[in-house]
Every structure is written in C-alpha cells, then in structure tokens.
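**Student:** need a 3D model of the sequence below.
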Amino acid sequence: MAKLTIEDLKKIKEKVHSDTFLREGDRRVKVTVHMGTCGIAAGAREVMDTLMAEIGESGVSDVIVTTSGCMGLCSREPLVTVEVVNQEPIKYEHMNANKMRQVFKRHIIEGEVQSDFALAKGQEKVD
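**Tutor:** Next up is the predicted model:
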C-alpha cells in the first residue's frame, strides 16, 4: 500500500470539510433525509447523494443537510423533510433522484412546494 503524503492528507481534509460543511451551521433551509433501514432499502442513499450533488453544483451555502432514522411510515419511503425558515416543514414521500432534483430546484431554490410529492405540511396531510 502506498504511503500518504502531506498533500494527500490535505486533500482528504478539504474533501471531508466540504462534505460536512453542508451538515452544519445556521442556514435558510434544513433538509432531512430519513435513512432508517427501510428508507435505505427504498433508495434513501441515492436521494441523499443526489441532494448533495445538487447543492455542490449549485454553489448554495444556506442549506444544511441532516439524516434521521425511521419515521414509522415505511410504505412511504424514501422520505425527505424540507424546513424553510419561517415556514411549515414539508414531508415528501416516495422520493427518488429525479424527484429530489425537482424538489431542490423548485422548492428549496425557488420556494414552490412540490405538492405532487408532498405527504404532509407541518402536522397536516397535504390534499
């Protein structure tokens, strides 16, 4: 196995810092990808990877990303909760990479809730 150089370690540090930066801090939007066993089995990891890629490509710095365990709604996984400051949280169901891209671009960036994918707004079910 090749030995790591100081430059290699610096690159690793920068990569880890950029990846974790999106999960910390006080921001405008908090996105939670629910990654319990059922969520992961349903595709939550792909949804998370897509979200992280969209954030990285767009260059936004006011969005934090978190994960949580199961919400108890296994039949609706993968689930994503979007919380915009001063607005009720929106829970999205049956997410996949394409839906995550749409939610990111239209809801997180432009402020338009994607009702077609929404399970609930705040504590109420979306009709």
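**Student:** quick one, helices of the protein?
**Tutor:** Using DSSP state H, the helices of the chain run over residues 6-21, 37-42, 44-58, 97-102.
**Student:** what residues does the third one touch?
**Tutor:** Just to be clear, that refers to helix 44-58. 18-19, 22, 31, 33-35, 63, 65, 67, 77-80, 95-97, 99-101, 104-105, 109 (Cβ atoms under 8 Å, 6 or more residues apart in numbering). Any C-beta I mention is one placed from the backbone N, CA and C, and that applies to glycine too.
**Student:** swap the cut-off to 10 Å and go again
**Tutor:** Residues outside helix 44-58 that contact it (Cβ atoms under 10 Å, 6 or more residues apart in numbering) are 18-19, 21-23, 29, 31, 33-40, 43, 60-65, 67, 77-80, 92, 95-101, 103-105, 108-109.
**Student:** buried stuff in it?
**Tutor:** Across helix 44-58, burial judged by 16 or more other Cβ atoms under 10 Å covers 44, 47-48, 50-52, 54-55.
**Student:** before we move on, what about the last one?
**Tutor:** The neighbour-count criterion (16+ other Cβ under 10 Å) identifies 99-100, 102 as the buried residues of helix 97-102.
**Student:** pipe the helices of the chain into a markdown table and attach mean pLDDT and distance to Gln87 per row.
**Tutor:** As requested, the helices of the chain are arranged in a markdown table below (pLDDT from 0 to 100; distance: least, Cβ to Cβ, whole Å):
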| stretch | mean pLDDT | distance to Gln87 |
| --- | --- | --- |
| helix 6-21 | 70 | 24 |
| helix 37-42 | 92 | 24 |
| helix 44-58 | 95 | 19 |
| helix 97-102 | 97 | 18 |
